[in-house]
Structures are given as C-alpha cells and as structure tokens.
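Chemist: 3D model of this:
(one chain, ligands or ions: 2)
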Amino acid sequence: MVLPKTRKAAVKTAEGTFEIKEVPMPEITQPDYVLVKVRGSGVCGSDLHSWKVPRPESVGRITGHEVAGDVVAVGEDVTNVKPSDRVGVDTVIGCGKCYWCRVGQYHICPQRSEIRGRTFAQGFSEYIVGPADHVYKIPDHVGYGEAAIMDVYGTSVHAINRTNTHMGQTVAIFGAGPIGQSLLDQVNVTGANGIIIDIIDSPLEFAENTIGALETINSTEVDPVKRVMELT
Ligand SMILES: [Zn+2]
Ligand SMILES: [Zn+2]
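Modeler: Ligands and ions are numbered 1, 2, ... in the order given. Next up, the predicted model:
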C-alpha cells in the first residue's frame, strides 16, 4: 500500500474550534509501533468541554481519543496485528516505566497526557501511530463506530469491577449519557437490575427500549431517591 505524505486533521484553533489542515503523516518511530488508518472516532464529553474554549496550550493540537480503524503498517517487532486488520485502539498510553505503569494503572501515569497526545490520541485525523499492544483486533460483526467506544465501555467495566456488581443486586445509575448507557448494558450482563436516572427523556427511552432497564426515572418529575427506595 502506498501511503500518502500528509493526512487531513482537525487542528485546534485559538478559539477552541477546529480547522481542517493537511499535516505530516505520523511515523513508525519504534519497532513496536503500528500505523492505523482511522475509520471511526467518537466525540467524548471531554472533547465538548474544550469546544470553543480558548486554550493557548492547545493551539495546533490534534485531539480525539475514541478510535477504531485499519492497521496499514507495522514496526519490525509487531506480531499481534498485521496490515489490513481491523482494530479498536486503546489511546490511554503510559511511559511503561513508572510505578503506576508497572502495576497496570497506566491511566494515571504522570506522562500519560504527553505520550498519548503525540501517539494514538489524535483520532480526529486520518492516520495515527502508537504501540501495538494498545490495538485490539475486532470481529467482523463489530463496526468501527462500535469499536471506537470501547473507551467508554472500559470505563464502565472499571465501575463494575470496583463495585463487584453481581447477579441479584439492584444498581442505580445517575446519568444516561454514553457511559451510563454502557454501564446499564454491563449491569444487565452481570445479571443485576439497573435503574437509570436522567433529566432528559430521550436517553431514558433509549435505555428502556434498546438496552433494557428495571426502571427509568426522570428526576425532574419523580424524586429519584424515594423511587429507588420503593423499588429496592
Ligand atoms: Zn474520553
Ligand atoms: Zn508511567
């Protein structure tokens, strides 16, 4: 495959918006790195926090950290994926050397922001590069859009693990955004019952009709504490 010399990217402006620019292609600078063509990129709540917010330190940056795509090139030491593999990308990348990285808590590595910012967390561009052990092959029936929100599901897996949610329990989830919805999905997988609470009807309808909930509560209409106590 002949790769282009440049890629399109949404580059942060002084106003906190994006400008679409042609920028240099990222390069495989380490033997364990892979180059991925981006096929799906999610918009995180944290992306919205910085939308139209002037931040001098962000000018010129490429963001986007919920990503899936196709492997297009690999470094010489890479064995887990090959070109044309469809992958979901874990864009949280630590230094691999500090205490937190060594105990598997690389999401709180002090160097995380800097390292991910210059590697995989550039999902609002056509190509990204980073370590092969942060890409995961996805089955044919999983679309790029679904794979791109593995980041969101990972947050919910963490919540399930931390709370030891299991069969027979009832769980109240406050907030029916993407993380709340994915958490409800996994509460259902564990066999527990999920009650989901929000102030907007449409995500509650999605939770009820698409994911499945013991009950949905619009807390502008119903006292959620009272209702949860009645249900449990
Ligand atoms: Zn995020
Ligand atoms: Zn580290």
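
Chemist: drop to CA atoms for contacts and neighbour counts, all remaining ones
Modeler: Noted.

Chemist: Could you report the separation of the residue nearest to the spatial centre of the chain from D140?
Modeler: Nearest to the mean C-alpha position of the chain, counting by CA atoms, centre = their mean, stands D151 at 2.7 Å. To D140, D151 is 19 Å away according to CA to CA, to the nearest Å.

Chemist: ranges for the strands of the chain?
Modeler: Using DSSP state E, the strands of the chain run over 6-12, 18-24, 33-42, 66-74, 86-89, 127-131, 135-137, 170-174, 193-198, 215-218.

Chemist: Most tightly packed of these?
Modeler: Compared across those, strand 86-89 shows the largest average neighbour count, a mean of 29 (mean count of other CA atoms under 10 Å).

Chemist: How much space separates the nearest residue to D47 once chain neighbours are set aside from ligand 2?
Modeler: Nearest residue to D47, sequence neighbours excluded (CA to CA, 6 or more residues apart in numbering): G64, at 7.4 Å. Per CA to the ion, to the nearest Å, G64 is found 21 Å from ligand 2.

Chemist: and G64, what are its phi and psi?
Modeler: Note on G64: backbone dihedrals following degrees, to the nearest 10 are phi 110, psi 110.

Chemist: closest one to N80 among the strands of the chain?
Modeler: Smallest distance to N80 across the strands of the chain (CA to CA): 8.5 Å, for strand 135-137.

Chemist: Now do the closest one: which elements does it pack against?
Modeler: strand 86-89 (3 or more CA pairs under 8 Å, 6 or more residues apart in numbering; DSSP states H and E).

Chemist: Give me the sheet partners of the strand it packs on and which way each runs.
Modeler: strand 66-74 (antiparallel), strand 135-137 (antiparallel) (DSSP bridges).

Chemist: I'd like to know which of these lies nearest to ligand 2.
Modeler: Ligand 2 lies closest to strand 135-137 among the strands paired with strand 86-89, at 18.3 Å (CA to the ion).

Chemist: avg pLDDT for the closest one?
Modeler: Here strand 135-137 scores 97 as its mean pLDDT.

Chemist: what's next to that strand, contact-wise?
Modeler: By CA atoms under 8 Å, 6 or more residues apart in numbering, the surrounding residues in contact with strand 135-137 are V81, D85, R86, V87, G88, V89, D90.

Chemist: The last one and I149 touch, don't they?
Modeler: No - checked against CA atoms under 8 Å, the pair D90 and I149 is beyond contact range at 9.9 Å.

Chemist: Pull up the overlap in contacts between the two.
Modeler: E66, V67.

Chemist: I'd like the strands of the chain written out as JSON lines, with distance to ligand 2 added.
Modeler: Below are the strands of the chain laid out as JSON lines (distance: least, CA to the ion, whole Å):
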{"stretch": "strand 6-12", "distance to ligand 2": "26"}
{"stretch": "strand 18-24", "distance to ligand 2": "27"}
{"stretch": "strand 33-42", "distance to ligand 2": "17"}
{"stretch": "strand 66-74", "distance to ligand 2": "21"}
{"stretch": "strand 86-89", "distance to ligand 2": "19"}
{"stretch": "strand 127-131", "distance to ligand 2": "14"}
{"stretch": "strand 135-137", "distance to ligand 2": "18"}
{"stretch": "strand 170-174", "distance to ligand 2": "32"}
{"stretch": "strand 193-198", "distance to ligand 2": "35"}
{"stretch": "strand 215-218", "distance to ligand 2": "40"}
